[in-house]
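Visitor: Here is the input, now give the coordinates:
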Amino acid sequence: MKRPSSLACTLLATILLALPAAVNAALNLPELPTVATEAMAYHDSLEVASAHLRAAEFAAAEPLYQELTHRFPQDARAWSGLGLCHYHLKRFEEAGREYLRAVELGIPFAPVLLYNTACCQALAGHSKEAMATLKRALAEGFEDRTNIAQDRDLDSLHSFADWGEVAGLLPDGVTDRVEGWRYDLKFWLKEVRRLHPAPFAHTPEPEFLARVKDLNDRIPKLSDEEIMMELVKLAALLGDGHSGFRPMPRSRIQLGSLPVQFYEFADGLFVIDANEDYAELIGAKVLSLGTREVAGVWPDLAELIPRDNSMRILQQGPFLLTLPAVLRELGAIDDTQSVPLHIRDKSGKERTVEVTPMPLGRVNFELIPSKLPDAGEPPHYLAHADDVLWMDALDHGHVLYVLFNVVRDGPTESIAAFAQRMKKRLSESPQIDAVVVDVRNNDGGNSFLYPPLVKALVYFEQLRDDAQLYVIMGRQTFSACQNFVTDLDTWTDAVFVGEPSGSRPNAIGESTFSVLPYSGLRAGISSRYHQESYPGDDRKWIAPDVPLALKSADYFANRDPILDAVLSRVSRSH
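Guide: Residues are numbered from 1 along each chain as shown. Next comes the predicted model:
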């Protein structure tokens, strides 16, 4: 079939929009204002209404949204805003209808509005309709199933026979351990099918289901901890970095961990932190854990790690190696009472140390400043790791160094406000001819927050003919931060330095969680496909233009050879 030209498509669209109102309605086309002043007034009213909504001034926003839905009834934003106003004004009947209208017109995150519709219908006394809408929200990918049972708006639905199933609760009759775990496995598989955009893209469905059946059959013979480890391996088969399991405080499994922190450098696995009982191990290289040599453990460890690419193994693997449950799964130990570590200490002497596990504490994947007594001052990216964003001038004012640690607003300054402050500094400081953005600590957050920072960096490149932009990244660069560096890769001429990023430019992700009803394990299930780059971009990561790994000697001395390399390049260009 011959495709029409772009000019023909434009002409066709123009003709359709010029059709009489009755024809527009029949074809479900928008009825647009024809007077410019009316069109601009619509925009201004929408801005004012949105400002009232953000300020939770619902009574003030309601008449504006009401007028907007009359003037341009094809705008889903106006219907959604009106629905939110009416919900807070306790006009639930109207709110439910308005949310549904927004869904019909097409709006981002439609399952959330369907859920809100169900809440409004339930509050308005339409329980049967509310249950149907709630099921529709779940079928279309509503992500927050864990909180359904606690939502008081839905109290009137508790009398339905299938309420427990809809709310993700354990059936009353399930009390046996084996039956409970089998229910969890079945529940998890249903959630994977419901939420994951492509659950069998990495592992073919027959193979995946065969693994599920095998676990189901073996549950009576396995301990709770062993079942959890099998679930961890199943989640890794989904082939993305956000799907995985973790115990919750009230789960049936309480993990222990070694009171040490490991990190994998270019020259091996080292102890970088420990509690006071094992502080003398800091700086030691770990050669083996129990019966397993560290050098040979990584392929088996990889089976437990959900990932978008192999950098995630380096990022998460060292922490997992502190968990006795993982070491037992790897065949390194027989029990969890103590773990023999064979190390080479700071003096070069090899010896074995018995380390006793403790209850699992803070999960920490990041580097910290060196704790060796003879280390120098910590480098910027470690000294200011607790800040959301931090900047300072380097190289006699020629370089602006920007440390970006997490994609969320800070307690006193938003990302947008920081970006504006950074932009002002760049415009008022003509001597700055290079910007270094360091995201080595950044594991992600909220992708909707970082665009002002991207815009400020694009502005910098347009501001200077000789502008230089560098991005230091690594294994921790993941999720929303991966989206950030992908946008910089697309919209700037940034030079990337360090390790490959921890995710892909286009990837399945999102931190969506369901709590398994029997065990209480928290199951992360990726629920969205993020196409941050162009279609067909199948890169495993953003590859560094200047690939450079960190050695343990530099780390323990608090040196930063990666930033030093960038500053050396910038200095040569002056």
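Visitor: shaky segments in the chain?
Guide: 1-26, 248-249, 336, 574 (pLDDT under 70).
Visitor: Domain ranges for it, per the record?
Guide: Annotated domains of the chain cover 1-25, 26-167, 256-359, 380-503+541-572 [automatic domain parsing].
Visitor: Please name the nearest non-neighbouring residue to Ala59.
Guide: Leu89 (6.7 Å; Cβ to Cβ, 6 or more residues apart in numbering). Just so you know, the C-beta spots here come from the backbone N, C-alpha and C atoms, and that holds for glycine as well.
Visitor: ditto for Gly445
Guide: Using Cβ to Cβ, 6+ apart, the closest residue to Gly445 is Val407 (3.1 Å).
Visitor: show me the residues around that neighbour that make contact.
Guide: 415, 442, 444-447, 449-450, 479-481, 484 (Cβ atoms under 8 Å, 6 or more residues apart in numbering).
Visitor: circling back: output the domains of the chain as JSON lines; include the columns distance to Arg522.
Guide: JSON lines is the format used below for the domains of the chain (distance: least, Cβ to Cβ, whole Å):
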{"stretch": "domain 1-25", "distance to Arg522": "48"}
{"stretch": "domain 26-167", "distance to Arg522": "8"}
{"stretch": "domain 256-359", "distance to Arg522": "13"}
{"stretch": "domain 380-503+541-572", "distance to Arg522": "17"}
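Visitor: between these, which one is nearest to Glu205?
Guide: domain 256-359 (18.3 Å; Cβ to Cβ).
Visitor: Show the end-to-end separation of that closest one, please.
Guide: Its first and final residues considered, domain 256-359 spans 4 Å by Cα to Cα, to the nearest Å.
Visitor: any idea how far that domain is from the chain center?
Guide: Averaging C-alpha positions (Cα atoms, centre = their mean, to the nearest Å) puts domain 256-359 26 Å from its chain's average.
Visitor: repeat for stretch 49-68
Guide: Going by Cα atoms, centre = their mean, where stretch 49-68 is centred and where its chain is centred differ by 31 Å.
Visitor: Just the residues contacting that stretch, thanks.
Guide: Against stretch 49-68 from outside (Cβ under 8 Å, 6+ apart): 42, 45-46, 48, 75, 78, 81-82, 84-86, 88-89.
Visitor: Ramachandran angles for the nearest residue to Leu255 once chain neighbours are set aside?
Guide: Setting aside the residues directly before and after it, Leu255 is nearest to Leu360 in space (Cβ to Cβ, 6+ apart), at 4.4 Å. Here is the backbone geometry of Leu360 (degrees, to the nearest 10): phi -60, psi 130.
Visitor: Pretty sure Leu360 sits against Gly256.
Guide: Yes: look at Leu360 against Gly256 with Cβ atoms under 8 Å: they come within range, at 6.1 Å.
Visitor: shared neighbours of those two, which are they?
Guide: In contact with both Leu360 and Gly256: Leu323, using Cβ under 8 Å, 6+ apart.
Visitor: Tell me how far the closest residue in space to His384 that isn't next to it in sequence lies from Arg194.
Guide: In this structure, His384 finds its nearest non-sequential neighbour in Trp390, 4.3 Å apart by Cβ to Cβ, 6+ apart. Using Cβ to Cβ, to the nearest Å, we find Trp390 at a distance of 41 Å from Arg194.
Visitor: residues touching the residue nearest to Asp409 when sequence neighbours are not counted, list them.
Guide: Nearest residue to Asp409 in three dimensions, chain neighbours excluded: Ile415, at 5.8 Å (Cβ to Cβ, 6+ apart). With contacts taken as Cβ under 8 Å, 6+ apart, Ile415 has the following neighbours: 388-389, 407-409, 449-450, 452-453.
Visitor: Swap in 7 Å and give it another go.
Guide: Going by Cβ atoms under 7 Å, 6 or more residues apart in numbering, Ile415 touches 389, 409, 449-450, 452-453.
Visitor: next one: Leu154
Guide: 119, 122, 148.
Visitor: Look up phi and psi at it.
Guide: Dihedral pair for Leu154: phi -100, psi 20, per degrees, to the nearest 10.
Visitor: Likewise for Val166?
Guide: When quoted as degrees, to the nearest 10, the phi and psi of Val166 stand at phi -60, psi -40.
Visitor: That one and Ala132 touch, don't they?
Guide: No: Val166 is beyond contact range of Ala132, at 10.7 Å (criterion: Cβ atoms under 7 Å).
Visitor: what about the two, which has more around it?
Guide: Per other Cβ atoms under 10 Å, whichever of Val166 and Ala132 has more neighbours is Val166, with 18 against 13.
Visitor: So the residue lying closest to Asp560 once chain neighbours are set aside versus Ala385, what's the distance?
Guide: Using Cβ to Cβ, 6+ apart and skipping residues adjacent in sequence, the residue nearest Asp560 is Pro379, 3.6 Å away. Relative to Ala385, Pro379 is positioned 10 Å away (Cβ to Cβ).
Visitor: between the two, who's got more neighbours?
Guide: Using other Cβ under 10 Å as the criterion, Pro379 and Ala385 rank with Pro379 on top: 21 against 18.
Visitor: Next, the contact list for that one, please.
Guide: Neighbour list for Pro379: 558, 560, 563 [criterion: Cβ under 7 Å, 6+ apart].
Visitor: could those go into JSON lines alongside neighbour count, distance to Gln420 and secondary structure?
Guide: Formatted as JSON lines, these follow (neighbours: other Cβ atoms under 10 Å; distance: Cβ to Cβ, whole Å; DSSP: H, G, I helix; E, B strand; the rest coil):
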{"residue": "Asn558", "neighbour count": "18", "distance to Gln420": "32", "secondary structure": "coil"}
{"residue": "Asp560", "neighbour count": "20", "distance to Gln420": "28", "secondary structure": "coil"}
{"residue": "Leu563", "neighbour count": "22", "distance to Gln420": "25", "secondary structure": "helix"}
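Visitor: So which of the residues you listed is the closest to Glu461?
Guide: Leu563 (20.4 Å).
Visitor: tell me the contacts of that closest one?
Guide: Taking Cβ under 7 Å, 6+ apart, one finds 379, 436, 472 in contact with Leu563.
Visitor: got it, and Val112?
Guide: Val112 is in contact with Phe142, counting by Cβ under 7 Å, 6+ apart.
Visitor: Quick check: phi and psi at it.
Guide: According to degrees, to the nearest 10, Val112 has phi -70, psi -40.
Visitor: got it, and Val471?
Guide: Given degrees, to the nearest 10, the pair of backbone angles that Val471 has is phi -120, psi 120.
Visitor: Next, the contact list for it, please.
Guide: 437, 439, 485, 488, 494, 496-497 are the contacts of Val471 under Cβ under 7 Å, 6+ apart.
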